[in-house]
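[1] Just need the structure, nothing else, for what follows:
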Amino acid sequence: MALAQDFPRLWNDPRTPDRERKRMVRLLIADVTLLKGSDVRAQVCFNGGATQTLHIPLPLRSWMVTQTPAAVVAEIDRLFEDHTAGEIAVVLNRNGVVSGAGHRFNRPMVTKIRKSYKLKPRTERLRARGLLTPRQIAKRLDVSYHTVKIWRRAGLLVGHCINDKGQCLFEDPGANAPIKYHHQGKLRGKTAAARSNDTPTHS
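    Numbers count the residues shown, from 1 in each chain. Below is the predicted model of the structure:
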């Protein structure tokens, strides 16, 4: 009677060794029958003649244990609207989000998740918003791609990175499009100012 009353306390006591727990189980249980279906059904027969049936969820497969949570996948999908894979990894780590395996994110992990869950590539998202490729914007403005890059650095064109290599798609400038040869003086001034700021001073 004392053992029956103290069973929970003895079982949960961290000082009780596993070999004693096994002895306790043998005192109480005659046998257990396991049946596997949509779950695991354990039919327990006690030494006193009583029986009890337990329903236990099937254990997850190893790949399911480390699977990226659906909420994290949804957040990555949302972030791809405005960020590259590398930038998304930074945002997730800053917010304390970890992978299904409990790891911090990096660019290859984010890219792998995008491909595994068939999320839209950033290029496709930006193209759907009407952004233009470098070749398209250069042709529309009748300039070279080199000029397009200079105008972007000068703030005359708005570009959105499609990856972490700095490759961009461009917003259509519309009526505010820069005109060939009309910004040379302005650009030279900006270049000179940048060089002046970079020149070290000596006392």
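
[2] show me where pLDDT drops low in the protein?
    3-4, 60, 62-65, 181-203 (pLDDT under 70).

[3] now the strands for it?
    Secondary structure of the chain by DSSP state E: the strands cover 29-36, 40-46, 51-56, 159-161, 168-170.

[4] got a list of contacts for stretch 139-149?
    The set of residues external to stretch 139-149 that reach it, using CB atoms under 8 Å, 6 or more residues apart in numbering, is 132, 134-135, 137-138, 151, 157, 170, 172-173, 177-178, 180. C-beta here means a position set from N, CA and C on the backbone, and glycine is covered the same way.

[5] again with stretch 90-101
    65-69, 72, 75-76, 79, 83, 104-105, 109-110.

[6] Same check on stretch 15-34?
    Stretch 15-34 has contacts (CB under 8 Å, 6+ apart) with 3, 7, 10-11, 40-47.

[7] hmm, which of the contacts of stretch 90-101 are the buried ones?
    Neighbour counting by 16 or more other CB atoms under 10 Å classes 67-68, 72, 75-76, 79, 83, 105, 109-110 among the contacts of stretch 90-101 as buried.

[8] sorry, back to before: any chance of JSON lines for the strands of the chain, columns distance to residue 123 and mean neighbour count?
    Below are those laid out as JSON lines (distance: least, CB to CB, whole Å; neighbours: other CB atoms under 10 Å):
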{"stretch": "strand 29-36", "distance to residue 123": "47", "mean neighbour count": "11"}
{"stretch": "strand 40-46", "distance to residue 123": "47", "mean neighbour count": "14"}
{"stretch": "strand 51-56", "distance to residue 123": "47", "mean neighbour count": "11"}
{"stretch": "strand 159-161", "distance to residue 123": "10", "mean neighbour count": "18"}
{"stretch": "strand 168-170", "distance to residue 123": "7", "mean neighbour count": "22"}
